[in-house]
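> what's the 3D shape of this:
(one chain, ligands or ions: 4)
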Amino acid sequence: AKNTGRGTTSFFNAELREQAASHIELHHAIMLGLKNGEFFIDYQPVVNSKDGSLHSVEALVRWQHPQHGLMPPKAFIPIAEKSGAIRELGNFVLNQTCLDIPKLRKANIMGRVAVNFSSHQFYDQMAVDTWFEILAKHEISPDNFTFEITESMLLPDRERQRDLLLSIHHKGIQLAIDDFGTGYSSTSYLQHFPVSMLKIDKSFVDRVPEDKHQTALLTALIHMARALEIDVVAEGVEQVNQVEFLNKHCADLIQGFYFARPMPIAALVERYGQ
Ligand code: C2E
Ligand code: CA
Ligand code: CA
Ligand code: CA
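Ligands and ions are numbered 1, 2, ... in the order given. So this is what the prediction gives:
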């Protein structure tokens, strides 16, 4: 297996590839992990670029596997998507954020919580109903949430998903386009969908401001979003010169290791709570 810098991950991937014939088995491993409490959530702050104050947080799922150690989402989300376990996993994430939101509010952390959704989770109205049942069970209002979805879910011909997204939006959940710029390059959907936020992928931020070409692209994306009055989050910001560039171009929101890594809720409360 190739060295990803996290030995356990590549080992696990290789092993999973060997088992590729058996999605049922993988599904079972994830379902068992959910039952055994092996999954948990880290929260990464999105901060205001001017002063580093907290704007919102993104929930990022992790798997503490009893044999393979800590698994990042890229090691199991694609498998969960194929096996169908993503539905239960997604419901776990939503349930856990509902448990955590009162703790955040108690510490005076008021921003929205962003939850990632893959297209495999948006299959029908029943799935959406389940999410609102989870929120209702915990008495958490939908306006506590942003749902992050990718561009591929917004293809204009996908009428059904469009209807589902509209119904979610009408309940008060904000929609963000994740990894913006990396997907299908038609931006016409921005006119047809109730999108409140664009999250510009790390690949557009990495070599800014040194790389002229990339800097021009990033600047264009920022200006387009501002013209459409959509919030912009620059993802994967690691360097102070990136922060300075984004500040200069009035990109107000930053998510990246420069300000904060994903962290457990206790650390979040400790650092940003009052
Ligand atoms: P994403 O939604 O684009 O999440 C941001 C990822 O970028 C996170 O990786 C985060 O740790 C990483 N990141 C943030 N700032 C920096 C930075 O400055 N430098 C670098 N190198 N990385 C940074 P993570 O937690 O490994 O998540 C990877 C992906 O897994 C996510 O990408 C998302 O697509 C998916 N994912 C995570 N949680 C869930 C979930 O609950 N449901 C679904 N469907 N997907 C999830
Ligand atoms: Ca995301
Ligand atoms: Ca992203
Ligand atoms: Ca990404």
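
> per-residue pLDDT, the residue lying closest to Phe259 once chain neighbours are set aside?
Leaving aside its sequence neighbours, Phe259 sits nearest to Val47 (C-beta to C-beta, 6 or more residues apart in numbering; 4.8 Å). Any C-beta I mention is one placed from the backbone N, CA and C, and that applies to glycine too. pLDDT for Val47: 98.

> now do the SS call for Val47.
When classified by DSSP: H, G, I helix; E, B strand; the rest coil, Val47 comes out as strand.

> number of residues surrounding the closest residue to Arg160 other than its chain neighbours?
Excluding its sequence neighbours, the residue lying closest to Arg160 (C-beta to C-beta, 6+ apart) is Asp124, at 7.7 Å. Under the neighbour criterion other C-beta atoms under 10 Å, Asp124 is assigned a count of 10.

> Pro73 is in contact with Ala59, isn't it?
No: counting by C-beta atoms under 8 Å, Pro73 does not reach Ala59; the two are 10.8 Å apart.

> how many other residues sit next to Gly236?
Using other C-beta under 10 Å, the number of residues around Gly236 comes to 18.

> now do the same contact list for it.
Listed by C-beta atoms under 8 Å, 6 or more residues apart in numbering, the contact set of Gly236 reads Asp201, Lys202, Ser203, Val205, Asp206, Gln255, Gly256, Phe257.

> list the contacts for Ser119?
Ser119 neighbours (C-beta under 8 Å, 6+ apart): Ile149, Thr150, Ser152, Met153, Gln161.

> name the SS class of the closest residue to the second one other than its chain neighbours, please.
I take that to be Thr150. The shortest distance from Thr150 to any non-neighbouring residue, by C-beta to C-beta, 6+ apart, is to Asp178 (5.2 Å). Recorded secondary structure, Asp178: strand (three-state DSSP).

> just the helices from the chain, written as ranges.
7-18, 23-35, 77-83, 86-106, 125-137, 159-170, 189-192, 212-227, 240-248, 265-272 (DSSP state H).

> which strands or helices does the third one pack on?
This means helix 77-83. helix 23-35, helix 86-106 (3 or more C-beta pairs under 8 Å, 6 or more residues apart in numbering; DSSP states H and E).

> likewise the longest one?
If contacts are counted by 3+ C-beta pairs under 8 Å, 6+ apart, helix 86-106 sits against helix 23-35, strand 39-48, strand 54-65, helix 77-83, strand 113-116, helix 125-137, helix 265-272.

> near ligand 1, anything from it?
Yes: interface with ligand 1: helix 86-106 contributes Gly90, Val93 (C-beta under 6 Å from any ligand atom).

> pLDDT of that helix, averaged?
Mean predicted confidence for helix 86-106 is 97.

> between that helix and strand 39-48, how many degrees?
50 degrees (axes from the mean of the first three to the mean of the last three C-alpha atoms, to 10 degrees).
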